[in-house]
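Asks: Return atomic coordinates for the entry below.
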Amino acid sequence: MDSDGTRVVAVVLNWNCADDTIRCVRAVAAGSVVPEVVVVDNGSTDDSIDKLRTLGDAVTLVRLDANLGYAGGMNAGIRVAHDRDAAFVWLLNADCVPRPDTLPALLSQADRYAVSTSVQTTSARPDDPDPEPYVVAATLPGGRVRPLRCAGCEVGAHDVDVVTGAAILLGVGWAVQVGLFDERFFHYKEEFDLVRRIAAAGGRIGLVCASQVWHRRGGSLAGSSPRAQYYHHRNEILYVRKHYPRPLRRILIGEPVHYKNLARSVLRLVAGGRNDRHRALAVLAGYWDGLRGVHGPTERF
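Replies: Model (predicted):
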């Protein structure tokens, strides 16, 4: 709970990565403002539950029977926060390490933003002295993605249109109003979808560059894996279908990167090694399923 009595619940999503989750929870507990912490285990199949139990009463452990993806897992945590009358929920990937002043910096802008994210950095280890910031927010002038890069400035916060979901502070009321994450996405693009719906309902979206979170990325689903490639490309198409009035025109004309992705995948399918061909098939299947409107989890890759 913040010093002014505002109730904040941090939700950390775990799937077969308890060591990362415990590190994240300990970083949250070491912050200058310490929220209630909920760990959602997304149907882990390893020894995660035994490890997470060592956290004791420091966290509320929510166990799901199956992997519901980022969307379903975070929705379970948001529902707990809502039941506890929390004003804000801080959604954290397990492979994140927030800095001690991250949450208070976000809360200092909470009256301004319905959704906000921190500057995110990455490196080999959280304690590396010079981690690299990467893009986590963008504006959408005319529907075109324009990344916003700021590793910290005197302003402290910037209005944007979309943010990524590895570490976001979310107004619980806004999330409930628009219907939480769309679980049909399962993994990838679900945060863009939720943020766009909140923005359409009148909520402001922000990058709070005065706060920082280290993020290893790929802790639960490696970005280069065939399955990750499938979700990434399928859900990009599903997202466009959902949010743009002429989705096919946007896919064919507005985003030429799709042609490059398809050409690269065909080339790898013809001339690449076994792993390259497997990833290429996943990309092509993702595009095909996105165009057909296929949602939910896959076991194909």
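Asks: For Val8, give me phi and psi.
Replies: Dihedral angles of Val8 (phi, psi; degrees, to the nearest 10) stand at phi -130, psi 130.
Asks: Was I right to think it contacts Pro104?
Replies: No - assessed by C-beta atoms under 8 Å, Val8 is found out of contact with Pro104, at 10.3 Å. Heads up, the C-betas are built off the backbone N, CA and C, glycines and all.
Asks: distance between the helix or strand encompassing Ser211 and the chain's centre?
Replies: Element membership for Ser211, per DSSP states H and E: strand 205-215. Distance of strand 205-215 from its chain centroid, counting by C-alpha atoms, centre = their mean, to the nearest Å, is 13 Å.
Asks: Between Val8 and Pro104, tell me which one has more neighbours.
Replies: For Val8 and Pro104, the more surrounded residue by other C-beta atoms under 10 Å is Val8, and the numbers stand at 23 against 15.
Asks: Tell me how far that one lies from Ala167.
Replies: 14 Å (C-beta to C-beta, to the nearest Å).
Asks: what is in contact with the two at once?
Replies: Trp90 (C-beta atoms under 8 Å, 6 or more residues apart in numbering).
Asks: about what we covered before: would you mind pulling up the elements that the strand holding Ser211 packs against?
Replies: Packed against strand 205-215 by the contact rule (3 or more C-beta pairs under 8 Å, 6 or more residues apart in numbering; DSSP states H and E) you find strand 96-98, helix 102-107, strand 115-122, strand 158-160, strand 162-163, helix 190-200.
Asks: tell me the mean pLDDT over stretch 132-151?
Replies: Averaging pLDDT along stretch 132-151 gives 90.
Asks: Now do the buried residues in that stretch.
Replies: Of the residues in stretch 132-151, Val136, Ala137, Ala138, Thr139, Leu148, Cys150 count as buried by neighbour count, 16 or more other C-beta atoms under 10 Å.
Asks: which SS state does the residue lying closest to Arg7 once chain neighbours are set aside fall under?
Replies: Closest residue in space to Arg7, ignoring its immediate chain neighbours: Ala86 at 4.4 Å, by C-beta to C-beta, 6 or more residues apart in numbering. Assigned with DSSP: H, G, I helix; E, B strand; the rest coil, Ala86 falls in the coil class.
Asks: Do I have it right that Ala86 meets Val8?
Replies: Yes - taking C-beta under 8 Å as the definition, Ala86 is a contact partner of Val8 at 6.2 Å.
Asks: what's the overlap in contacts for those two?
Replies: By C-beta under 8 Å, 6+ apart, the residues touching both Ala86 and Val8 are Glu36.
Asks: how close does Glu183 get to Arg149?
Replies: Counting by C-beta to C-beta, the gap from Glu183 to Arg149 is 31 Å.
Asks: ok, now Pro297?
Replies: Counting by C-beta to C-beta - Pro297 and Arg149 are separated by 33 Å.
Asks: Am I right that Gln109 falls within a strand?
Replies: No - counting by three-state DSSP, Gln109 is not found in a strand; it is coil.
Asks: Next, the residues that contact the helix or strand where Val28 lies from outside, please.
Replies: Take DSSP H and E as the rule and Val28 turns out to sit in helix 18-29. With contact meaning C-beta under 8 Å, 6+ apart, helix 18-29 is reached by 10, 12, 14, 34-35, 37, 39, 44, 46-48, 51-52, 54-55, 58-59, 92-99, 103, 126, 216, 219.
Asks: Just the buried residues of these.
Replies: 10, 12, 14, 35, 37, 39, 44, 48, 51-52, 55, 59, 92-99, 103, 126, 216, 219.
Asks: Thank you kindly, that will do.
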